[in-house]
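Student: sequence and predicted model, in that order:
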Amino acid sequence: MKDFRRIALFALVIGAVPFFTQSGVVLNFVMTALYACLLSQAWNVLGGFGGQFSFGHALFFGTGAYVQAIAQMQWGLSPWVALPLAMAFAAGVGAFVGAASFRYGLKGSYFALVTLAFAEVFRIVATSVPFTGAGVGLMLPLQESAANMQFANRSGFIWLMLGLVTLALCVTAWLKASRFGAYLQAVRDNEDAARAIGVNPFSVKLIATILSGGLMGAGGAFYVQVFQYIDPGIAFGSHTSVEALVGAIVGGLGTLWGPLLGAVSLHILADLTRNLFGQLPGINMVIYGVVLIGIVMFLPRGIAGLGTITPLQWLRGSKASDGEQHGGKP
């Protein structure tokens with residue numbers, strides 16, 4: 001219950017931001033940071049708690065984005081109806097990919113490559129079929145109103161994204177406290193041992209993939225509503241998958257607040273390097289990359305693990321702490 005109270009407090013604080021400032025810069029930062037947090041939380045459900053590293057989470061993002069756009073433009077549905085539909089379709093794709101992968105025992109690098117391959121297949125299909133707009137993509141008509149989920153300012157989008165992030169945080173808190181979450185982490189730590197005590201790794205990983213896919217699909221649906229455009233490169237491009245996994249890894253895998261901390265920290269870092277060194281082509285990305293490598297090397301538990309790592313472990317790097325994080329011996 002303590003985690004849920006903290007989530008409620010977080011939602012109240014962030015939800016109050018638009019009442020204290022109308023700065024477009026601040027509101028846009030809050031909105032995009034929350035968006036990055038949702039992607040990282042979605043990836044964390046499967047990659048952090050389940051230990052199934054995916055390189056193709058853009059597959060679920062793109063599915064949600066296209067369903068959100070197609071449901072409005074071609075099926076005539078309200079965007080508020082299209083949003084849960086987009087999440088359901090993305091979760092369905094997660095069920096298909098998970099069943100196809102885990103049925104044949106794929107895990108580790110093999111699972112990562114399979115998800116990447118599926119994302120690329122969906123990108124090629126979306127480029128070829130007419131109902132996705134093919135290579136041109138789809139553009140939503142501008143009709144500003146709350147009923148159409150197109151708000152006149154960033155405040156409405158912040159509250160919408162905050163609701164989705166709060167949902168993702170509640171799912172993560174449930175994974176921390178529930179029996180299913182314990183099963184999922186047991187499968188992550190040692191699949192054979194989990195099977196020996198009666199856990200079904202296939203069903204546990206499959207449910208985690210469905211949950212992760214649904215949350216990622218919500219991120220895609222939100223993207224369409226904000227930018228009113230989607231094409232195959234945006235929907236299924238690798239940059240979305242990278243953004244999701246890097247935020248979770250930097251913040252702390254298998255933690256409640258780690259993906260949020262990682263997403264916000266990386267967002268701040270990206271903005272600072274771009275603003276300070278944007279006039280020097282490539283320098284901002286070099287600095288961003290160096291800082292990112294440093295975090296991965298010297299904070300193996302992520303930003304969320306800062307208070308639990310000893311100076312000796314910090315100097316040694318990831319070996320000692322990685323074993324502890326995933327239930328093994330250092």
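Tutor: Received it, and whenever you're ready, just let me know what you need.
Student: would you check that residue 202 makes contact with residue 103?
Tutor: Yes: judged on Cβ atoms under 8 Å, residue 202 makes contact with residue 103 at a distance of 7.0 Å. Where C-beta positions appear, they are placed from N, C-alpha and C, glycine not excepted.
Student: so the two - more neighbours on which side?
Tutor: Just comparing residue 202 and residue 103: by other Cβ atoms under 10 Å the higher neighbour count belongs to residue 202, 15 against 10.
Student: residues near the nearest residue to the more buried one once chain neighbours are set aside, how many?
Tutor: Counting by Cβ to Cβ, 6 or more residues apart in numbering, residue 202 lies nearest to residue 102, which is 5.1 Å off, once chain neighbours are set aside. For residue 102, the count of nearby residues is 19 (other Cβ under 10 Å).
Student: what sits against residue 102?
Tutor: 201-202, 205-206, 209 (Cβ atoms under 8 Å, 6 or more residues apart in numbering).
Student: report the secondary structure state of residue 212.
Tutor: The three-state label given to residue 212 by DSSP: H, G, I helix; E, B strand; the rest coil is helix.
Student: out of the contacts of residue 102, which sit inside helices?
Tutor: Residues of the contacts of residue 102 located in helices (DSSP state H): 201-202, 205-206, 209.
Student: ok, residue 90 - contacts?
Tutor: Residues in contact with residue 90, defined by Cβ under 8 Å, 6+ apart, are 60-61, 63-64, 67, 213-214, 216-218, 220.
Student: save these as JSON lines, and put in secondary structure too.
Tutor: Listed next are the contacts of residue 90 as JSON lines, based on three-state DSSP:
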{"residue": "60", "secondary structure": "helix"}
{"residue": "61", "secondary structure": "helix"}
{"residue": "63", "secondary structure": "helix"}
{"residue": "64", "secondary structure": "helix"}
{"residue": "67", "secondary structure": "helix"}
{"residue": "213", "secondary structure": "helix"}
{"residue": "214", "secondary structure": "helix"}
{"residue": "216", "secondary structure": "helix"}
{"residue": "217", "secondary structure": "helix"}
{"residue": "218", "secondary structure": "helix"}
{"residue": "220", "secondary structure": "helix"}
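Student: save those residues as TSV, and put in distance to residue 196 and neighbour count too.
Tutor: Listed next are those as TSV, based on distance: Cβ to Cβ, whole Å; neighbours: other Cβ atoms under 10 Å:
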residue	distance to residue 196	neighbour count
60	32	42
61	36	33
63	36	28
64	37	34
67	40	26
213	29	32
214	30	27
216	32	34
217	34	33
218	36	30
220	38	30
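Student: make a markdown table from the residues you listed and add distance to residue 292 to it.
Tutor: Listed next are those as a markdown table, based on distance: Cβ to Cβ, whole Å:
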| residue | distance to residue 292 |
| --- | --- |
| 60 | 24 |
| 61 | 21 |
| 63 | 28 |
| 64 | 27 |
| 67 | 32 |
| 213 | 26 |
| 214 | 28 |
| 216 | 22 |
| 217 | 27 |
| 218 | 26 |
| 220 | 24 |
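Student: now do the SS call for the residue nearest the centre of the chain.
Tutor: Centroid check for the chain by Cα atoms, centre = their mean gives residue 39 as the closest residue, at 1.9 Å. Assigned with three-state DSSP, residue 39 falls in the helix class.
Student: not counting residues beside it along the chain, what's closest to it?
Tutor: Residue 39's closest residue in space is residue 244 (Cβ to Cβ, 6+ apart), at 4.0 Å.
Student: check residue 240 too.
Tutor: Excluding the flanking residues, the one nearest residue 240 by Cβ to Cβ, 6+ apart is residue 58, at 4.1 Å.
Student: cool, residue 144 as well?
Tutor: In this structure, residue 144 finds its nearest non-sequential neighbour in residue 150, 4.9 Å apart by Cβ to Cβ, 6+ apart.
Student: same check, this time on residue 28
Tutor: Among residues not flanking residue 28 along the chain, residue 154 sits closest, at 5.7 Å (Cβ to Cβ, 6+ apart).
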